[in-house]
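Student: below: sequence and its predicted model.
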Amino acid sequence: MSIKVDSRHLYLQVIDRIKQDIESGKYKANEKLPSEFELSKQLGVSRATLREALRLLEEDNVVIRKHGVGTFVNPKPIVSSGIEELTSVTYMIEQAGKKPGSQFFLTDIIEPTEEEKSKFMPLEVRELAKLERVRTADGIPVVYCIDKVPKDLIPIEAAHTEDSLFKVIEQHTGKRISYAITYIEPVTYHEKIYGILNCDFEQSLLLLKQMHYTDDDEPVLYSLNYFRSDVFSFHVFRKRL
């Protein structure tokens, strides 16, 4: 359909046209779009109309605009998960049809901070086992995980043979993780983790801070998971009361 004969606002027509061109493969993931001058000329609209369309496309994470460089097609997330569903990273990767893997970066025994002690209350935790891992999907680094569990809860060597800590905890303690309290934060840059996950400088990460509890409300696992936002997306079902 020609933009000129479409009765909708021009910027909405431009949005649909660009989305169609991305879906058809005319513009591929991470590919730079033509300049604003070239694109507005191709579509037969003003640059002001085009800019409004690109602004809304960026809000929807369809494109990303890099100042002084241009506009690029955002790759679609490979893994999409409901945040209200508590699943392991391993399970999320498997559900996306990818092979999960782990690369151990660090294993250490640490003294908990006062904040960490309070998180594990009413347990009296004197030492924590800290595991830092890179989670992979088909061999590609996609998540940086920092997990902390009470030192005597599980044998650390067991965590090196199983991707899912949920399974390790259940197998060695008989306790099942049933829920978690989660906080989500955007991370715009982290020198160490960006390098390990091969992130673009302007790419963001999604940090999930989670305290995991058993069926008996016992805190057993505190995790900081840094997800690549070009690979993972999270959604939540919200119901009006």
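Tutor: Sure, I can see it.
Student: every contact and neighbour count from this point should use C-alpha atoms.
Tutor: Noted.
Student: quick check: phi and psi at Y189.
Tutor: phi -170, psi 140 (degrees, to the nearest 10).
Student: what distance do you get for it to Q203?
Tutor: Counting by Cα to Cα, to the nearest Å, the separation of Y189 from Q203 is 8 Å.
Student: ok, now Q95?
Tutor: For Q95 relative to Q203 (Cα to Cα), the value is 24 Å.
Student: what of N225?
Tutor: For N225, the distance to Q203 equals 16 Å [Cα to Cα].
Student: higher neighbour count, these two?
Tutor: Neighbours per residue, other Cα atoms under 10 Å: of N225 and Q203, the larger number sits with N225, 23 against 14.
Student: for this protein, name the helix or strand with the lowest mean pLDDT.
Tutor: strand 79-82 (a mean of 74; mean pLDDT, DSSP states H and E).
Student: in it, what's buried?
Tutor: Burial within strand 79-82, assessed by neighbour count using 16 or more other Cα atoms under 10 Å, is assigned to 79-81.
Student: K117: which of the residues you listed is nearest?
Tutor: S81 (30.3 Å; Cα to Cα).
Student: wait, that closest one touches V231, no?
Tutor: No. Taking contacts as Cα atoms under 8 Å, S81 lies outside contact range of V231: 11.2 Å.
Student: how about stretch 166-183: buried residues?
Tutor: Applying 16+ other Cα under 10 Å to stretch 166-183 flags 166-169, 175-177, 179-180, 182 as buried.
Student: for those, which one is nearest G25?
Tutor: Closest approach between the buried residues of stretch 166-183 and G25, by Cα to Cα: T182, at 36.9 Å.
Student: mind telling me what element the closest one is part of?
Tutor: If you go by DSSP states H and E, T182 is part of strand 177-187.
Student: what separates that strand from the chain centre, distance-wise?
Tutor: 12 Å (Cα atoms, centre = their mean, to the nearest Å).
Student: ok, residues contacting that strand?
Tutor: Contacts with strand 177-187, where a contact means Cα atoms under 8 Å, 6 or more residues apart in numbering, come from 86, 166, 170, 204-215, 220.
Student: partner strands of it and their direction?
Tutor: Counting by DSSP bridges, the strands paired with strand 177-187 are strand 205-214 (antiparallel).
Student: dump the C-alpha coordinates for the strand it pairs with into CSV.
Tutor: Taking C-alpha atoms only, strand 205-214 is exported to CSV below (Å, rounded to 0.1, in the frame of the first residue of the first chain):
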residue,chain,number,x,y,z
LEU,A,205,21.9,-5.3,30.3
LEU,A,206,19.0,-6.4,32.4
LEU,A,207,20.1,-7.2,36.0
LEU,A,208,17.8,-9.4,38.0
LYS,A,209,18.5,-9.5,41.7
GLN,A,210,16.8,-12.5,43.3
MET,A,211,16.4,-14.0,46.7
HIS,A,212,15.2,-17.6,46.4
TYR,A,213,13.1,-19.4,49.0
THR,A,214,12.0,-22.9,49.6
